[in-house]
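**Q** Sequence first, then the predicted structure, then my questions.
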Amino acid sequence: MPDGSTPRPAPARTLRSAEDLVAAGLLAPERRAEIAAVAARYSVSVTPAVRALMDPADPADPIARQYLPDPAELATAPHETADPTADGPFTPVKGVVHRYPDRALLKPLLACPVYCRFCFRREAVGPEGGVLTEAELEAALAWFAATPAVREAILTGGDPLMLSPRRLSRIVAALSALPHIEIIRLHSRVPVADPERVAAPLLAALETEKALFLCVHANHAREFSPAARAALRRLAGAGAALLGQSVLLRGVNDSVEALEALFRAMLAARVKPYYLHQLDPAPGTARFAVPIAEGRALLRALRGRVSGLAWPTYVLDLPGGGGKAPLGPEFAVPEAGGWRVAAPLGGTIRHVAEPAGPAPASAS
């Protein structure tokens, strides 16, 4: 340097290409071409916060597996589909998905801080943004205003915390002004993938007198870095109730130990585990699939090992838009005179007699 000072390192930046991944030491140079082919089909984004969690020396690193492209993504299995949750048939206006009677999704954009290699909307999301125009957003908000049966508005996408604070504030305020909207819920990767984004302007944009829930997507305990935990504390301090959603993923969290660590890390960060999703069959995601029977066995093994606070609902989004079906595991089955119940502690099977309660009151 001209003044003799020590050169400063280049500012950390988001990695968006095979070339970026090679330069960052996350990809061998000889794999540049094959990964570039994947990146040409599906978006790539690795934030500095996520990069810092990866261990390049570990070929089975569970963080890298979630975010680094793989040539297997270009192979579509027969059961995989571009719209596995069938958003399309339930879209009354652009940006809205109305599948359940009392709640609806609002997708104001399709950009995310990172792009998960197993995303069920991977055919739609990307850095182009997919931001609703002013007219499209007005039409979407008008739909919510004209649909009083909807009590819960769920902001997703894309990641709603990638919106500018000004636009996010406008959406939250517009939904809050509707008397029939009781709950506003946001689903986001930002607290773990780009925690510094959770700053005063964003927190101010979430101001509302309605019940506000933020559901953070995380799949491994290491994602709850000190910066992520600090971001979640800021969100909790701003009045957001925190929930956690995860996807059961081969090579990431497909063991009792990994799930236990994940759910304990959530609780330590004031996040209540909410959903554990069975993988949606989006194109090129088969390498992440865990059979349902195995998922049920993992959840069964956790019962009694962790607090009920750490217990999520294991769900499958049914193809064709049938909704989220709980997958168990069941601990009780009917038998003569009562129930056959598996004890979470000790694993013994016990018979529980069915009490002969009073008959239901007859209608007058």
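**A** Okay, I see it.
**Q** For the spatially most central residue of the chain, give the beta-bridge partners.
**A** What sits nearest the mean C-alpha location of the chain, by CA atoms, centre = their mean, is residue 217, with 3.4 Å. Counting by DSSP bridges, residue 217 is bridged to residue 245.
**Q** just checking, it touches residue 245?
**A** Yes. Between residue 217 and residue 245 there is a contact at 5.4 Å, judged by CB atoms under 8 Å. Bear in mind the C-beta positions are built from the backbone N, C-alpha and C, glycine included.
**Q** Overlap of the contact sets of the two?
**A** Common contacts of residue 217 and residue 245, defined by CB atoms under 8 Å, 6 or more residues apart in numbering, comprise residue 187.
**Q** mind giving me the domain split of this protein?
**A** As recorded under automatic domain parsing, the domains making up the chain are 18-74, 88-326.
**Q** contact partners of stretch 127-140?
**A** Counting by CB under 8 Å, 6+ apart, the neighbours of stretch 127-140 from elsewhere in the structure are 16, 43, 45, 93-96, 106-111, 124, 157-158, 171.
**Q** Which parts of the stretch 251-364 of the chain are helices?
**A** Using DSSP state H, counting those that start in this stretch, the helices of the stretch 251-364 of the chain run over 256-268, 292-302.
**Q** Throw those into a markdown table and include mean pLDDT, mean neighbour count and distance to residue 144, thanks.
**A** As requested, the helices of the stretch 251-364 of the chain are arranged in a markdown table below (pLDDT from 0 to 100; neighbours: other CB atoms under 10 Å; distance: least, CB to CB, whole Å):
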| stretch | mean pLDDT | mean neighbour count | distance to residue 144 |
| --- | --- | --- | --- |
| helix 256-268 | 98 | 19 | 30 |
| helix 292-302 | 95 | 17 | 34 |
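**Q** before we move on, the earlier item: show me what contacts the residue nearest to the centre of the chain?
**A** Contacts were defined as CB under 8 Å, 6+ apart; by that measure residue 217 touches 187-189, 192, 244-246.
**Q** Who wins on neighbours among the residues you listed?
**A** Highest neighbour count within these, by other CB atoms under 10 Å: residue 192, with 29 neighbours.
**Q** Wait, a helix at it?
**A** Yes. Residue 192: assigned to a helix according to DSSP: H, G, I helix; E, B strand; the rest coil.
**Q** For it, give its distance to residue 285.
**A** 20 Å (CB to CB, to the nearest Å).
**Q** Please apply the same query to residue 136.
**A** The separation that residue 136 has from residue 285, given CB to CB, amounts to 29 Å.
**Q** Please apply the same query to residue 207.
**A** Residue 207 sits 37 Å away from residue 285 when distances are taken as CB to CB.
**Q** How about residue 152?
**A** Distance from residue 152 to residue 285, counting by CB to CB: 28 Å.
**Q** Between those two, point out the one with more neighbours.
**A** Neighbour tally, residue 152 and residue 285, criterion other CB under 10 Å: the higher count belongs to residue 285, 24 against 18.
**Q** quick one on the thing from earlier: narrow the contacts of stretch 127-140 to those in helices?
**A** Using DSSP state H, the members of the contacts of stretch 127-140 that fall in helices are residue 171.
**Q** For PyMOL, what selects the buried ones among the contacts of stretch 127-140?
**A** With 16 or more other CB atoms under 10 Å as the burial test, the buried ones among the contacts of stretch 127-140 are selected in PyMOL as follows:
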select buried, resi 43+45+95+96+106+107+108+109+110+111+157+158+171
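**Q** Tell me where the stretch 151-300 of the chain has strands.
**A** Per DSSP state E, counting those that start in this stretch, the stretch 151-300 of the chain has strands spanning 152-155, 183-188, 211-217, 241-247, 272-277. These are given in chain order.
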